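Student: Starting from these lines, generate the structure:
(one chain, ligands or ions: 1)
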Amino acid sequence: MRISIMGCGYVGLVTGACLAEMGHDVVCTDNDGGKIERLNQGALPIYEPNLGDIVVRNEKAKRLSFTANLGEAVRFGDAIFICVGTPPLQDGDADLSAMDSAARLIAAEARSSKLVIEKSTVPMQTGQKLKRALGIYARNSGCSFSVASNPEFLCEGTAVADFLHPDRIVIGVGDEHTEVQLREIYRPLVEQTIACPIHNGNCPPKPAPRLLVTSINSAELIKHACNSFLAVKISYANLIADICENMGADVDEVVEAMGLDPRIGPHFLRPGLGFGGFCLPKDVQAFIRLGQKASVDVSLLKDAECINKNRIESFLAKARQALWILKDKRIGILGLAFKPGTDDIRFAPATELISRLLQEQAKLQVYDPEAMEKTKVLFPSIRYCDDPHDVADGAEALMIATEWPVFKTLDWRRIERSMSRPLILDGRNLLSGEEMTALGFEYRGVGKPTDESAHAAAHHGQAPSR
Ligand code: UDX
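Tutor: Next up, the predicted model:
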């Protein structure tokens, strides 16, 4: 099928490249002409594993192209995926102005009837508004528009694999013809007929995804309901971590046992500095606003958000407890991206941590495998190290803010020697406390029993967990 992608951000690029990989003819556009120019020169604006390869291959195969000519892109596709940004407004509502501009553009430029698909994460009832807007803006064109919602469940760092091996595909439609078109688009995934480019024919065994056909409102709600549930789950794990830390238990032991219950499942129970990124925090906010508008009690979501906001403060409290005053203390930070496998620092816990440490006038030296260039724009005056070991040089504490697996295999003996005080504050429980202690570090993880909590537990007649 001929497909247009509007918006060459993270979701647009992954969607466009993967749809081309599935055999469709795809044209992508963006109102940032500079971005299109750079894409045409071969520069991807984001770091996402496997994306570069499939972009290049599909461009060569003439199935994928980028154009700054918005009208041409609109006219190309029988189906148009809207993948524009929906950032949060001051009050937490999603800013839908880019959706509205896309609707105007499609209505003005289309010369034939189109299927318009919302891929961007939007509040419920946006599909209805989009359909109405398209009808109004195109009232004299003679073109008709059908609208569908097709939420994405892509995780940064594994987005290409998530797209090509989905657990489920949700299509929210209002009529049968739209359903037929979307089934046709996703047929290669449902029938598992594509030669997967990332696993070289050795894809991990996975059942074919279920394609769920829902109303447009339900599809929009599913996305928010999923992301908010994940956020609540993470905050719940963080609440357990705080109880563990104060009462002398080990959160990793607790969540491991919890995760073995199939009703709970092991995912999204990792405690630490909390959830960041451009999706979970803003989606929870937007969901809270939506619930309030629907006169629903959203205190569960507000509490999850509040627990998340407090993660950095409680981590800093731990740092102050160990270092007393943070002013003029040299502190190393490993990890800047909001999670491993990406260079994205939007709403990253590490960014908030750095701002707060700078407010307290700590001296920072930082490292991240992918996110340093983006962080330099926000914090130009801190020291960026080319080698992760250098963040420890003369430092009085080393903080781990993102759990990049590569940090596990650093030369920790060398790091211990180079620090002026070998203190590790592990905000992601990446390292083994036992191993670090054996190497001579003072180690503080998240939700781990401390000497004080173990003592308090013993004092109350309970044995500490370790
Ligand atoms: C999320 C959703 O998972 C995805 O389905 C949706 O399409 C987009 O939003 P993403 O933003 O890529 O994906 O990140 P995700 O893997 O969900 O992690 C979000 C944040 O939660 C990260 O900061 C991560 O470090 C944190 N996290 C995740 C935890 O703190 N603990 C966990 O157990 C899991």
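
Student: Kindly report the residues of this protein close to the ligand.
Tutor: Where the chain comes near the ligand, counting by CB under 6 Å from any ligand atom, the residues are 152-156, 227, 230, 234, 268-270, 272, 274-277, 279-280, 338-339. To be clear about C-beta, it is placed using only N, CA and C from the backbone, and glycine gets the same treatment.

Student: Can I have the buried ones of those as a ChimeraX selection?
Tutor: The following ChimeraX line selects those of those that are buried, judged by 16 or more other CB atoms under 10 Å:
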select :152,153,154,156,227,230,234,268,269,270,272,274,275,276,277,279,280,338,339
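
Student: Can you point out the helix or strand that includes residue 399?
Tutor: Secondary structure from DSSP states H and E places residue 399 in strand 397-400.

Student: Check residue 305 too.
Tutor: Assigned by DSSP H and E, residue 305 belongs to helix 299-323.

Student: if I look at the residue nearest to residue 221 when sequence neighbours are not counted, how far off is the ligand?
Tutor: Nearest in space to residue 221, with sequence neighbours left out and distances taken as CB to CB, 6 or more residues apart in numbering, is residue 124 at 5.2 Å. In this structure, residue 124 and the ligand are separated by 17 Å, where distance is defined by CB to the nearest ligand atom, to the nearest Å.

Student: what does residue 127 give?
Tutor: According to CB to the nearest ligand atom, residue 127 and the ligand sit 18 Å apart.

Student: Any chance you could list what contacts the helix or strand that contains that residue?
Tutor: When secondary structure is defined by DSSP H and E, residue 127 falls within helix 126-137. Taking CB atoms under 8 Å, 6 or more residues apart in numbering as the criterion, the residues outside helix 126-137 that touch it are 82, 96, 99-100, 103-104, 106-108, 116, 118, 145-149, 172, 174, 216-217, 219-220.

Student: What is the helix or strand following it packed up against?
Tutor: Past helix 126-137, heading to the C-terminal end, the next element that is a helix or strand (DSSP H and E) is strand 145-149. With contacts defined as 3 or more CB pairs under 8 Å, 6 or more residues apart in numbering; DSSP states H and E, strand 145-149 has these neighbours: strand 114-118, helix 126-137, strand 168-172, helix 176-190, helix 216-247.

Student: and the helix or strand following strand 145-149, what does it pack onto?
Tutor: Note on strand 145-149: by DSSP H and E, the next helix or strand toward the C-terminus is helix 159-164. Helix 159-164 makes packing contacts with helix 10-21, helix 51-60 when contacts are defined by 3+ CB pairs under 8 Å, 6+ apart.

Student: Can you tell me which of those is nearest to residue 429?
Tutor: When the helices and strands packed on helix 159-164 are compared for distance to residue 429 using CB to CB, the nearest one is helix 10-21, at 27.3 Å.

Student: got the contact list for that closest one?
Tutor: Residues from elsewhere that reach helix 10-21 (CB under 8 Å, 6+ apart): 3, 5-6, 8, 26, 28, 30, 44-46, 48, 51, 54-55, 57-58, 61, 63-64, 81, 83-84, 119-120, 152, 154, 156, 159-160, 163-164, 185, 194, 197, 278, 344.

Student: how about the helices and strands packed on strand 145-149 in a markdown table, adding mean pLDDT?
Tutor: Written out in a markdown table, the entries for these read as follows (pLDDT from 0 to 100):
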| stretch | mean pLDDT |
| --- | --- |
| strand 114-118 | 97 |
| helix 126-137 | 94 |
| strand 168-172 | 97 |
| helix 176-190 | 97 |
| helix 216-247 | 96 |
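
Student: Packed most tightly, which of the ones you listed would that be?
Tutor: Of those, the one with the most neighbours on average (mean count of other CB atoms under 10 Å) is strand 114-118, at a mean of 25.

Student: Not counting sequence-adjacent ones, nearest residue to residue 113?
Tutor: residue 144 (4.6 Å).

Student: tell me what the strand holding residue 399 is packed against?
Tutor: helix 299-323, strand 330-334, strand 423-426.

Student: what about 6 Å?
Tutor: Other helices and strands packing on strand 397-400, by 3 or more CB pairs under 6 Å, 6 or more residues apart in numbering; DSSP states H and E, are strand 330-334, strand 423-426.

Student: got the buried residues for stretch 356-372?
Tutor: Residues of stretch 356-372 classed as buried under the neighbour-count rule (16+ other CB under 10 Å) are 356-357, 362-372.

Student: Stretch 255-272 now?
Tutor: When burial is assessed from 16+ other CB under 10 Å, stretch 255-272 yields the following buried residues: 255, 258-259, 268-272.

Student: Nearest to the ligand among these?
Tutor: residue 270 (3.2 Å; CB to the nearest ligand atom).

Student: Distance check, the closest residue to the closest one other than its chain neighbours against residue 444.
Tutor: If the residues on either side of it in the chain are set aside, residue 270 comes closest to residue 237, at 6.5 Å by CB to CB, 6+ apart. Counting by CB to CB, to the nearest Å, the gap from residue 237 to residue 444 is 18 Å.

Student: Do a quick rundown of the helices in the stretch 251-400 of the chain.
Tutor: If you assign secondary structure with DSSP state H, counting those that start in this stretch, the helices in the stretch 251-400 of the chain sit at 251-259, 280-293, 299-323, 349-359, 372-378.

Student: least reliable of the ones you listed going by mean pLDDT?
Tutor: Taking each of the helices of the stretch 251-400 of the chain in turn, the one with the lowest mean pLDDT is helix 280-293, at a mean of 93.

Student: sorry, back to before: quick one, the helix holding residue 127 and strand 145-149 angle?
Tutor: Taking axes from the mean of the first three to the mean of the last three CA atoms, to 10 degrees, one finds that helix 126-137 is oriented at 160 degrees with respect to strand 145-149.

Student: gap between helix 126-137 and the chain center?
Tutor: Average the C-alpha atoms of helix 126-137, do the same for its chain, and the two points are 29 Å apart (CA atoms, centre = their mean, to the nearest Å).

Student: ok, now stretch 144-154?
Tutor: Its chain's C-alpha centre and that of stretch 144-154 lie 20 Å apart, by CA atoms, centre = their mean.

Student: buried residues in that stretch?
Tutor: Neighbour-count burial for stretch 144-154, with 16+ other CB under 10 Å as criterion, is recorded at 145-154.

Student: any low-confidence regions in this structure?
Tutor: Counting by pLDDT under 70, the low-confidence segments of the chain come to 453-466.

Student: Kindly recompute the last result at 80.
Tutor: Filtered on pLDDT under 80, the chain yields the residue ranges 201, 450-466.

Student: Residue 417 belongs to a strand?
Tutor: No - when the secondary structure is assigned by DSSP: H, G, I helix; E, B strand; the rest coil, residue 417 falls in helix instead of a strand.

Student: before we move on, the earlier item: mind putting the buried residues of stretch 144-154 into a markdown table with distance to residue 391?
Tutor: Output for these, formatted as a markdown table (distance: CB to CB, whole Å):
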| residue | distance to residue 391 |
| --- | --- |
| 145 | 53 |
| 146 | 53 |
| 147 | 50 |
| 148 | 48 |
| 149 | 44 |
| 150 | 42 |
| 151 | 39 |
| 152 | 35 |
| 153 | 34 |
| 154 | 31 |
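
Student: which parts of the helix or strand containing residue 105 are buried?
Tutor: With elements delineated by DSSP H and E, residue 105 resides in helix 97-109, which encompasses its position. By neighbour count, and taking 16+ other CB under 10 Å as the criterion, the buried residues in helix 97-109 are 98-99, 102-103, 105-107, 109.
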